[in-house]
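# coords below, sequence missing:
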């Protein structure tokens, strides 16, 4: 194969954006071959804008079976991702799924199993992994520059969303429509980067979600979570949609000092000697290790969505490893589900979470869910 | 009375410091009249350095009854404060107690009751209240500049203490000697300022203390706490002694924006309009309130311990209100005890805490406590 024929499922904001750069030829080795949307007017518009060389389908599964595409980009509502991906794998296609991978881990695990069985290239649109700041942080931690991690702390409260935003779609911020609030819609990138950059998944979670805080919505939009890691480190994740202006500050402390990412800048307070080594030999009560503070040089760039699609295309054509393998989508979602489950049970949640219990609790919420305006 | 004759109990680092500025005449209207310490060599040194006009007592209660002093400054180990204060009030003296007020709220409540019965001037050495940054913050919040508070977040992990520090006294960081770790020894100022500046006491606490983290000690030196306030706001307090370099960053968000105190600077992101008012009328999904960011001008100064002693002296001589009334010492201690109790019971703690339960749990710890080196 020297060209990947891509089909896009869902022509909302994201799907249309992806189509645009494919049409413009910005992804070498890829061509937009077909689109699918359940709304006929979207398909009519697509043909009008992009010409009739792009095939259109009302039913995505018909597109999967059409032979017109080699891989699909799933840009549908969160709940639909796993079932569509499973159908696409069954049709022998490569899949790139928008974030979040799904709404509950049970369905995402099934998607991962289908991907493994299908053996095709399976990616997820974690475009923030292409942000050089986070790539650099991951590299610094993986290479041991920060020493063993002792604490993580992410305050990500700058996802401001007004009531007008929530009112702009009856499905928005509902259990039935989205399956959650800030954790499922706004935070998937941070929940991915939190564990991707540090290489640490929580061992257990105790979280405190508040629902409809300062907003007329039924889902969580204010969360504080405490986590513990296998190595004894702890972490905090604070997020909300009602604070203005919010904060986006990620602090990681380790045996070799502290790194903070804030205002698109990374600062490293690096100890000349590991704290543990200093502490083992120091004999002066109020002495401290020597600290060197500096801004970490980070290259510009990061092509975001475009880079993820290019990367996935290259993986298909050349077998290169993915920046964001689809299988990893379950990690952030596990943390997200765990935070809700901890709140609902008012207790600790050990990882991996009880996916059946989460699914059952979510169904209870969906049963009582109301579209806004009803 | 035109001059307050002060007696100091305990000539350790703090007591000696207080004596020094009194000897130098830095507190108008106050004179150092007597000192008390159970170690004869300290008293000998005091007489040698400051002359025999300063009376010396091995037994503080003898000093209280001597008629030589009008008020006392208690600079003894934490556990001893309440019992000594109660004896001083019984002798008709004014009392200024070093922080923390005590180790458990039961004893501090009894101290407060004795103070109320005695009717004398009762202060606590919360010298950080004289830091203009925190005074200004309190004034901004009290005057409504920040609007109703939605979240507080204090990361105070810059209390670095090496093993050498802990080893410098067998009583240090033991349940029997200090009755706790970072919460009782290093954090009393922050636990006071957290509620003094905001005017908010938690309604309930869920905390996660870790004991002897990266250090050979029996008490807590790594704490993450989540709190909820009566008005629905939430808060986070993270503290430790093993991180280097730590962080001291206090963020408060409210209906009118956000204030951050970090690096001895206060920054205010002030909304032109209350978020709640903007949200009520805004009709554009991704619009946000207009934000004006600026450094808050804060006067220099703040005479710390000296200022608190001057303030207490003035209250005795002129009846002026105290910056740090002794009765308020129980507030920070309640939060501190609540954090430990939440950890020990692995559950929520509602405020006011169950003081008998805390006392009983503390006695269990004391019974198993070991001086370091034993």
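Looks like it arrived, so ask away. Just so you know, these numbers come straight off a predicted model, no measurement behind them.
# how about the strands in the stretch 1-150 of chain A?
Applying DSSP state E, counting those that start in this stretch to the stretch 1-150 of chain A gives strands spanning A:4-9, A:30-36, A:55-57, A:71-74, A:94-97, A:122-124, A:149-156.
# what's the closest of these to chain B?
strand A:149-156 (6.2 Å; Cβ to the nearest Cβ). C-betas here are computed from N, CA, C, even on glycine.
# got the contact list for the nearest residue to residue A:185 once chain neighbours are set aside?
Leaving aside its chain neighbours, residue A:185 sits nearest to residue A:178 (5.9 Å; criterion: Cβ to Cβ, 6 or more residues apart in numbering or on different chains). Going by Cβ atoms under 8 Å, 6 or more residues apart in numbering or on different chains, residue A:178 touches A:77-79, A:103, A:171-172, A:184-185, A:219.
# ok, residue A:178 to chain B distance?
15 Å (Cβ to the nearest Cβ, to the nearest Å).
# if I've got this straight, that residue is in a strand?
No. Going by DSSP: H, G, I helix; E, B strand; the rest coil, the assignment for residue A:178 is coil, not a strand.
# now do the closest residue to residue A:187 other than its chain neighbours, the pLDDT please.
Computed as Cβ to Cβ, 6+ apart, the closest residue to residue A:187 that is not its neighbour in sequence is residue A:239, at 5.6 Å. Turning to residue A:239, the model gives it a pLDDT of 98.
# quick one: low-confidence parts of the stretch 251-374 of chain A?
In the predicted model, the stretch 251-374 of chain A carries pLDDT under 70 at residues A:373-374.
# which positions in the stretch 251-374 of chain A make contact with chain B?
Contact residues (Cβ under 8 Å from any Cβ of the partner chain) of the stretch 251-374 of chain A with chain B: A:251, A:253, A:257-258, A:260, A:269, A:271, A:275-276, A:278-280, A:282-289, A:291.
# go on, the stretch 101-250 of chain A?
Taking Cβ under 8 Å from any Cβ as the contact definition, the stretch 101-250 of chain A meets chain B at A:150-151, A:153, A:155, A:157, A:160, A:162-165, A:168, A:206, A:208, A:210, A:213-215, A:222, A:224, A:226, A:228, A:232, A:234, A:236, A:238, A:240, A:242-247.
# can I have the buried ones of the residues you listed as a PyMOL selection?
A single PyMOL command selects the buried members of those (16 or more other Cβ atoms under 10 Å in any protein chain shown):
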select buried, chain A and resi 150+151+153+155+157+160+162+163+164+165+206+208+210+213+214+215+222+224+226+228+234+236+238+240+242+243+244+245+246+247
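# among the residues of the stretch 101-250 of chain A next to chain B, which ones are in strands?
Among those, the subset assigned to strands under DSSP state E consists of A:150-151, A:153, A:155, A:206, A:208, A:210, A:222, A:224, A:226, A:228, A:234, A:236, A:238, A:240.
# would you check which pair of the residues you listed lies furthest apart?
The distance between the two most remote of those (Cβ to Cβ) is 28.3 Å, for A:150 and A:210.
# got the angle for the lengthiest helix in chain A vs strand A:234-240?
The single longest helix within chain A, with elements called by DSSP state H, is helix A:329-345. For helix A:329-345 against strand A:234-240, the angle between stretch directions is 80 degrees (axes from the mean of the first three to the mean of the last three Cα atoms, to 10 degrees).
# so what does helix A:329-345 touch, helix or strand wise?
helix A:105-118, helix A:182-185, helix A:188-198, strand A:202-211, strand A:220-229, strand A:349-350, helix A:355-368 (3 or more Cβ pairs under 8 Å, 6 or more residues apart in numbering or on different chains; DSSP states H and E).
# quick one: residue A:158 from residue A:243, how far?
Per Cβ to Cβ, to the nearest Å, residue A:158 is found 8 Å from residue A:243.
# and for residue A:171?
Using Cβ to Cβ, one gets 24 Å for the distance from residue A:171 to residue A:243.
# do residue A:199 as well
Going from residue A:199 to residue A:243 by Cβ to Cβ gives 30 Å.
# name all residues that make contact with the closest residue to residue A:47 other than its chain neighbours.
Leaving aside its sequence neighbours, residue A:47 sits nearest to residue A:56 (Cβ to Cβ, 6+ apart; 6.1 Å). Residues near residue A:56 by Cβ under 8 Å, 6+ apart: A:34-37, A:43, A:46-47.
# how about these, which pair is most distant?
Spatially, the most separated pair among those is A:36 and A:47, at 12.8 Å (Cβ to Cβ).
# the two: who's more crowded?
Comparing residue A:36 with residue A:47 by other Cβ atoms under 10 Å in any protein chain shown, the one with more neighbours is residue A:36, at 30 against 15.
# confidence score at the more buried one?
Reported pLDDT for residue A:36: 98.
# repeat for residue A:59
98.
# now do the phi/psi pair for it.
Dihedral pair for residue A:59: phi -110, psi 120, per degrees, to the nearest 10.
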